[in-house]
Structures are given as structure tokens and as C-alpha cells.
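A.B. asks: Sequence plus predicted model, see below.
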Amino acid sequence: MAASREDRVIYLDNAATTPCDPRVVEAMLPYFTEHFGNTGSRNHRYGWEAEAAVDTAREQVAALLGADEKEIIFTSGATESNNLAIKGVAYMYEKAPAGSGACRGHIITTSIEHKAVLDPCKRLQKEGFEVTFLDPPADGVFTAAMVEAAIRPDTILVSMMWANNEIGTINEVPQIGALCHARDIIFHTDATQWAGKMPVDVERDCIDLLSLSGHKLYGPKGIGALYVRRRKPRVRLQALVDGGGQERGYRSGTLNVTGIVGLGKAAALAKAEMDAEGQRLLALRKRLESMVTSQLDHCAVNGHADKRLPHIANISFGFVEGESLMMACKELAVSSGSACTSASLEPSYVLKGLGVGDELAHSSLRLSMGRFTKDSDIDAAVASIVKAVRKLRELSPLYDMHNEGIDLSKVEWGHH
Amino acid sequence: MAYGPKIIDHYENPRNVGSFGTQADIKTRRDVGVGLVGAPECGDVMQLQIKVNQENGLIEDAKFKCFGCGSAIASSSLATEWLKGKTLDEGLAIKNTQIVEELALPPVKIHCSVLAEDAIRAAIADYKTKNGIATQAEQSAAH
């Protein structure tokens, strides 16, 4: 059945996942059927072919980060990378043994990390580590000074995302890295939204551990990497998966050769095209934000004005609710900070953390552009959003009340 | 969220959207009962209004506005349809489960139907208060 006009959806959810670049798929294909060997097979051609492909990919990923290829561990994705980095460091560098009752070590992170960082930290908390979750300022940008104020003598690890996945705000990662190095604290950054979009130099940026994911940079799903610094300082991790000792013992399991080849190719493409693509995406984002905010009142672009990724726009709309807004923009594939899209009924913890009012936090859209987003997609998206917000405001009792001068914060709302 | 066709229909073509006047008007109009339920921070606010024919006591018109998800909008839209032509007592007999059934609301959206039922009750109570008619709660309290 041919796709009807109704079915054509503009994809603006590239922060959730990106399509595989056809060049990536092309690079991967021979490794499914022709060169299908196991890198562990050291004594025949199939194994050598696979190993050579993995070596190339490792160099490609290392080159994206300014790292040495020996410092790249392939994982199943950023969630696994984050788990390995955080738990691996905590268990290796603990100050007191489990069950001793003493604090096993102090970790600093933020309250608006991805769940793949928050949850490992919460688990460590239960196991006897102490964790400081820094709350964001209103612009969402964490500074080195905020981290410095939280450092204790027993701090072993700082884990800070490079850029936030919901609002795209960019933290002071190089400065925080330098601070950690000066204090002999290991520094991990979840660079899932950053890597492949923005430049990384693990030396210049003082990074000890860095997580990235293939499917956010036009590679396949199910593959990611963890950069682990080998010198100054040499970072050691306790492995979470035991077995054949692959990936220098940090991550046992037969290597996902096709995925690794895809990630390598994706990293190489991202590096080659980063400058031009970054500028193009930034222009798209600015255009989107200025068109929306000039056509609608009571809407706000969330996060710092400039310190944001080029491809993520998060906009809150007053007096409308997020899920109905997404329903009204049915020709757009976007993400909402809305409660109702998840089962939880809670507004986005990231936007709440920023102090965005509940009414606004209930109605925000995250629009994330990508390599395949065109100018005309932005025009169509803006038209759709503006129409939807106007329609929903026609329906909104809150908009009426506001326009009649009623202060919504002073109304006694029923609670149930 | 994948919704059934009835929710989508009410969402895309909501019935009886509007108000019988400004906020100040509807507060004072004695033939209008207003129910405002929910809270912005919970993501749902419904404003349901009934206009009652003072001669025969029938709800001759109903209007709504809703800040909320698709299910909340559909539930309140449906409520206005059902209220028209009913007596106050018949209006009070509308149950959230009927709304759930009619719209095929998914389980996580049942609270939207509860809110619609609350809005109906609040609108009828407001009308009764404005017109000096004892509400059920007051009647039972008096006994």
C-alpha cells in the first residue's frame, strides 16, 4: 500500500534516535554474510577479517574523540557504557569495603542526567556510596564552580553529561574535567547527545571516561562505546560482565562486529562532516525557534540562550497540555516533556529541575533536527505547531482565565 | 498513545466548545452552572458549564473548555453531549464508567473520565447553590 499523505510524518526526534546513514549500512552489510567471523578466531582468515574490521572501527571512534584506539571499549550502547563507567569506577576505587558501614566513596552527578546515569548512581547509594545530585540553575548549565563546591575529600568520581538530552544545554565539561584532574578525581561524561555533533578532544577536555551511542550519530542501535583513559591517569574499572575477557577484560562477550563496523563508519562520517553540519543544524534550530516565538505568545525556549546543542530545541507553550499538543501535531514525530505520554503523570523532571512552571512543563515539545532534516521540514513543523497551539488555546480554560486577568497561581484548584 | 476512533473524533471535532460568557458573567448568571475541576500542575483542567431552562428544569445547553490530554478533551466533549436535554438528576446519574465504555479509554486514562464526572457534579452543584436548591450532600447532612 502506498503511503498516503496522512502517513507522511516529519521526523524531528533525532535526539531519541537517528536513522542509519545509508553509507553506514553499506559498510556493515558484508560483515553479516561474507566476513562473518568471530574476532576471537585467531587461527583462520574469517577471524582475521573480523578483527581487522574491528581495529579499523576502533581507530575511527578513537579519532572522533582524539583518543588512542586502545582506549575504546565497545559496548551495547550508552546505557551500558554509563553503567560500566560509574559502577566500574565505584567498585574499583571504593574507600571502604561493602558492609563496613563506612562511606564507600562519594560521587557527584546532577539531578537531570539521563536515567542510565541516575539509576546506577541510586543503586550505588543503596550499596553504601554517597551521591550528590546537583540541581541545575534556571539556564540548565552546570559550571565547574558548582562541582567544586560539592567536592569532598572522599569524592572518587564526577559524572556529568556533556549536553542534556531534553533541552540540549551544554555543561562546562572541559573546565570540570580540569578541576577533577587537579583534585585527582575521575571524571566521566555521558556524551550521548554530544559525540559526533560537536568536537571532542579527550586530552584538551580532560576526560577520563566518555560514553557514546551508535544510534544517535546515524549508526545502528545496540552498539556504543566507552572511552577509558590509559595514561595520566590510568583509569581502571571493575568489569560488570565476566566471560571470555574481550575488550581488555572490561566487557566480555563476542564482539558485535557488524555494529562495530557501523559505529566506526558513523564516527568517521560525523568527524568529516561535523563543521558544516553543525552550522547547518544551528541555522535550522534558530530559524525554528524564532519562527515559533514570533508567531505565538506565551511560549519559551528552555535552557541557556547560547550554550545549547545546535540540533535540539525545547519549547514550552503556556495554557496547552503536551499530549494533546502532540496529537494536534500528528504530522510531526517529536517528543514531549508531557506527563501523559508516559504512564507516570509527572511532568518532565528535567524541566521541573530547571524551575519551569508546572503549566509550562506540561506542554513542552522537544524538536531535534538531524542530518536528513530539510529547511522545508522546519517550515512545515512551525506551521503545524502554531496551528495546533492556537486550536488548543481556543479550547483552554486557562488561556481564557489568563486573558481575563485571572492569576492562575491564585486560583484554588481541586486536587485529586 | 494509540487512541480509538471515538476519542480521536471528539478530540479533532470537539462538541460544544465555549463558555456562556466571561468568567465574571458565568459566576453571576443564575441559569448557568459552572464546574471547574482539576489543576494545571496535574495536567488536566476542565471547565464544564450547563445552562438550565428555568421553566422546565432541563439542561438546555452545555459547553466546555479543557486543558488536558486527548482523553480529557474527549471525555469533557462527550459529557456536554450527554448533558443536553437531561434533568439535573439525570445529569448526576452519568457515571465515569459510561464515559470509559463509550470512548474506549485506555486504563491509564480512566482518571480523565473521573474528572469529567467531577466536572458534571460540580457544574450541577454550582447551579443548585446559585438557585438555592439543596444539593444531595446538604440534604443528607440535614437528615
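C.D. replies: Thanks, I have it. Residues are numbered from 1 along each chain as shown, chains lettered A, B, ... in the order given.

A.B. asks: Stretch A:376-385: which residues count as buried?
C.D. replies: A:Asp377, A:Ile378, A:Ala380, A:Ala381, A:Val382, A:Ser384, A:Ile385 (16 or more other C-beta atoms under 10 Å in any protein chain shown). In short, each C-beta sits where N, CA and C put it, glycine included.

A.B. asks: in chain B, which helix has the most residues?
C.D. replies: The longest helix of chain B (DSSP state H) is helix B:110-130.

A.B. asks: With respect to A:Leu179, which of the buried residues of stretch A:376-385 is nearest?
C.D. replies: Set against A:Leu179, the nearest of the buried residues of stretch A:376-385 by C-beta to C-beta is A:Ile378 (38.3 Å).

A.B. asks: mind listing the helices for chain B?
C.D. replies: In chain B, the helices defined using DSSP H lie at B:5-12, B:23-28, B:70-83, B:88-92, B:96-103, B:110-130, B:136-142.

A.B. asks: which of those sits most buried?
C.D. replies: Ranked by mean neighbour count, the helices of chain B are led by helix B:70-83 with a mean of 27 (mean count of other C-beta atoms under 10 Å in any protein chain shown).

A.B. asks: can that helix be found next to chain A?
C.D. replies: Yes - Helix B:70-83 reaches chain A (C-beta under 8 Å from any C-beta of the partner chain) through B:Gly70, B:Ala72, B:Ile73.

A.B. asks: in chain A, which helix or strand is least confident?
C.D. replies: When the helices and strands of chain A are scored by mean pLDDT, DSSP states H and E, helix A:358-361 comes last with a mean of 61.

A.B. asks: after it comes which helix or strand?
C.D. replies: Next in sequence after helix A:358-361, counting helices and strands by DSSP states H and E, comes strand A:364-368.

A.B. asks: for that following strand, packing partners?
C.D. replies: On a contact count with 3 or more C-beta pairs under 8 Å, 6 or more residues apart in numbering or on different chains; DSSP states H and E, strand A:364-368 meets strand A:312-317, helix A:322-328, strand A:335-336.

A.B. asks: Ok, which of those comes nearest chain B?
C.D. replies: Of all the helices and strands packed on strand A:364-368, it is helix A:322-328 that lies closest to chain B, at 3.9 Å by C-beta to the nearest C-beta.

A.B. asks: Below-threshold pLDDT in chain B: ranges please.
C.D. replies: B:1, B:135-143 (pLDDT under 70).

A.B. asks: and A:Gly355, what element?
C.D. replies: Counting by DSSP H and E, A:Gly355 is part of no helix or strand.

A.B. asks: returning to that earlier point: quick one: is the longest helix of chain B near chain A?
C.D. replies: Yes - remark: helix B:110-130 sits within contact range of chain A at B:His111, B:Val114, B:Leu115, B:Asp118, by C-beta under 8 Å from any C-beta.

A.B. asks: What of stretch B:96-104?
C.D. replies: No - Stretch B:96-104 lies out of reach of chain A by C-beta under 8 Å from any C-beta, never closer than 12.1 Å.

A.B. asks: For A:Asp275, grab the count of nearby residues.
C.D. replies: Per other C-beta atoms under 10 Å in any protein chain shown, the neighbour tally for A:Asp275 reads 10.

A.B. asks: Ramachandran coordinates for it?
C.D. replies: Main-chain dihedrals, A:Asp275, degrees, to the nearest 10: phi -60, psi -50.

A.B. asks: now swap in the one 10 residues further on and tell me
C.D. replies: The phi and psi torsions at A:Arg285 (degrees, to the nearest 10) take the values phi -60, psi -40.

A.B. asks: can you check A:Asn256 too?
C.D. replies: Reported as degrees, to the nearest 10, the phi and psi values for A:Asn256 are phi -80, psi 80.

A.B. asks: where does the closest residue to it other than its chain neighbours fall, phi/psi-wise?
C.D. replies: Computed as C-beta to C-beta, 6 or more residues apart in numbering or on different chains, the closest residue to A:Asn256 that is not its neighbour in sequence is A:Ile223, at 5.6 Å. The phi/psi pair for A:Ile223 (degrees, to the nearest 10) reads phi -140, psi 140.

A.B. asks: And for the one 5 residues further on?
C.D. replies: Main-chain torsions, A:Val228, degrees, to the nearest 10: phi -130, psi 110.

A.B. asks: how much space between it and chain B?
C.D. replies: Distance, A:Val228 to chain B, by C-beta to the nearest C-beta, to the nearest Å: 41 Å.

A.B. asks: and that residue, how many residues sit next to it?
C.D. replies: A:Val228 has 26 nearby residues by other C-beta under 10 Å.

A.B. asks: Over to A:Leu134?
C.D. replies: Neighbours around A:Leu134, by other C-beta under 10 Å: 20.
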